[in-house]
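Peer 1: structure for the following, please:
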Amino acid sequence: MAKNSIGQFIAALRKASGMTQQEVADRLNVSNKAVSRWERDECAPDLSVIPALAEMFGVTCDELLKGERILESNSEEKKEPRVEKQVKCLINQTLFVFKTLIWISLAAAAVGLICMFGISYGFYRPVIGFAVMSLFEACAMVIAVLAVSRTKDVKDKNELFEPADNSLKSRFYNTLGTMSFAAFFVILAVVLLSLPLILNTSDYINSVITPYGYFRFYFGGIVLILALVYLMCKKPYINRIAHDEVLQSTSAPDEKSKRTMNGLQLALTILAGLIFLFAPYLEKPNEGFALFDAAIIVALLCFAASIAVFVVFLIKNKGDRKDFILPGSRNLLMMLPLLLLPHAHSVGWDYFCDKAVSGSEGSESIIYERYDIWNIEFIWYTAALCLVIFLVFKLIDALIKRKSK
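Peer 2: Numbering: from 1, shown residues only. From the prediction side, this is the model:
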């Protein structure tokens, strides 16, 4: 038998505890002959007896089966690299599956855009093309959402993530946030780039916008809007989806308040812009412009509400007031380019007389037909100015942070 045999180890433990073979046998509900045979290494204890035997002598099952004490330092040294390796393996495997699903989502979104342009310009059927594109984008969205949900479930339900190193957690959350945002952003971009193609469906031949008209009137404005969405939403999205102390610790204590202020001011800015664009629809011939004027007043009240939000957050956060001045001023300045939007859309009226409608001889009824006049250039002029303001303030913020360091 080996020097460190189970029998010799049991005998040593029994003698150190001051117990006889009969006492051990009574506590384990076996015969004293069985204990004697174990100590002489004629046989080994049954597996069902090992836990009780280990508990009796205050050792582990591993130590009992090995026939010697296992030093804790050696156990920890062997255990640490093994656990770390398992954590890395789990994170890498989880991220690999997540990235694969995201790439599938991006591919589906790209195929949808290709189908949209192909059907629109190849067969002059933009509505059918938009429907096919919508199907692909819906599939891409479902795949992306499932990828994010599955990845977060693996993290929440697996205990190996708890002892993971902060660098591994940071890489996991950054990858999760960045790639999922990319998928959702691409899906949004495809939908926005496709919308102008279904605006003009007057007849079969002229059912789509010419490439020249598309790139002149729509493409530039859509790209600028997407740039604003990317710059303003990426970081808040990643911080929100992470919910991790590694990423949250790098954020300032007032970050949540700033996001709230930015969200409120951005909502008011978008509302004012939409009112400026669609207020001409409220104009009615021979009925005055009461509704139109009221809409313009509401848009101006949105400006005033944005100023009020800025002032309230300055008063509420006295200690960190300087951190709110820059983003609040930026949000207020972004409302100035909206004054160009009233030039982007106007409504005209054609009228003609129809005797048949009146029903009496010698009288005529005037029928009005509305037509829209769109100057799309002003929309992307507005978006371009907003982007310039955002980039300028972003540069100022970067310079201030660099100087403070």
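Peer 1: which residues of this structure fall in strands?
Peer 2: 345-354, 365-374 (DSSP state E).
Peer 1: ok, the closest residue in space to residue 184 that isn't next to it in sequence - how many residues close by?
Peer 2: Nearest non-adjacent residue to residue 184, counting by Cβ to Cβ, 6 or more residues apart in numbering: residue 144, 6.2 Å away. All C-beta atoms are positioned from the backbone trio N, CA, C, and that covers glycine. When neighbours are defined as other Cβ atoms under 10 Å, residue 144 has 25 of them.
Peer 1: so residue 144 makes contact with residue 182?
Peer 2: No: at 9.2 Å, residue 144 does not count as touching residue 182 under the criterion of Cβ atoms under 8 Å.
Peer 1: quick check: neighbours shared by those two?
Peer 2: residue 102 (Cβ atoms under 8 Å, 6 or more residues apart in numbering).
Peer 1: tell me the buried residues in stretch 45-56?
Peer 2: 45, 49, 53, 54, 56 (16 or more other Cβ atoms under 10 Å).
Peer 1: now do the phi/psi pair for the first one.
Peer 2: When read as degrees, to the nearest 10, the backbone of residue 45 gives phi -60, psi 150.
Peer 1: correct me if wrong: it contacts residue 6.
Peer 2: Yes: under the criterion of Cβ under 8 Å, residue 45 makes contact with residue 6 at 7.4 Å.
Peer 1: hey, what's in contact with both of those two?
Peer 2: Contacts common to residue 45 and residue 6, judged by Cβ under 8 Å, 6+ apart, are residue 38.
Peer 1: quick one: residue 317 from residue 271, how far?
Peer 2: Plainly put, residue 317 is 25 Å away from residue 271 if you go by Cβ to Cβ, to the nearest Å.
Peer 1: could you do residue 40 as well?
Peer 2: 89 Å.
Peer 1: neighbour count winner among the two?
Peer 2: Neighbour count, other Cβ under 10 Å: between residue 40 and residue 271, residue 271 has more, with 16 against 13.
Peer 1: so the more buried one makes contact with residue 300?
Peer 2: No: in this structure, residue 271 is not within contact of residue 300 by Cβ under 8 Å, at 11.7 Å.
Peer 1: so where's the chain shaky on pLDDT?
Peer 2: 1-4, 69-84, 158-164, 199-217, 242-254, 285-289, 351-368, 405 (pLDDT under 70).
Peer 1: what about the longest helix in it?
Peer 2: In the chain, ranked by residue count with DSSP state H as the criterion, the top helix is helix 72-123.
Peer 1: excluding its backbone neighbours, what's nearest residue 185?
Peer 2: residue 230 (6.2 Å).
Peer 1: tell me how many other residues surround that neighbour.
Peer 2: Residues lying near residue 230 (other Cβ under 10 Å) number 14.
Peer 1: what does residue 18 give?
Peer 2: Considering only other Cβ under 10 Å, residue 18 is surrounded by 7 other residues.
Peer 1: separation between it and residue 57?
Peer 2: 12 Å.
Peer 1: with residue 68 instead?
Peer 2: 13 Å.
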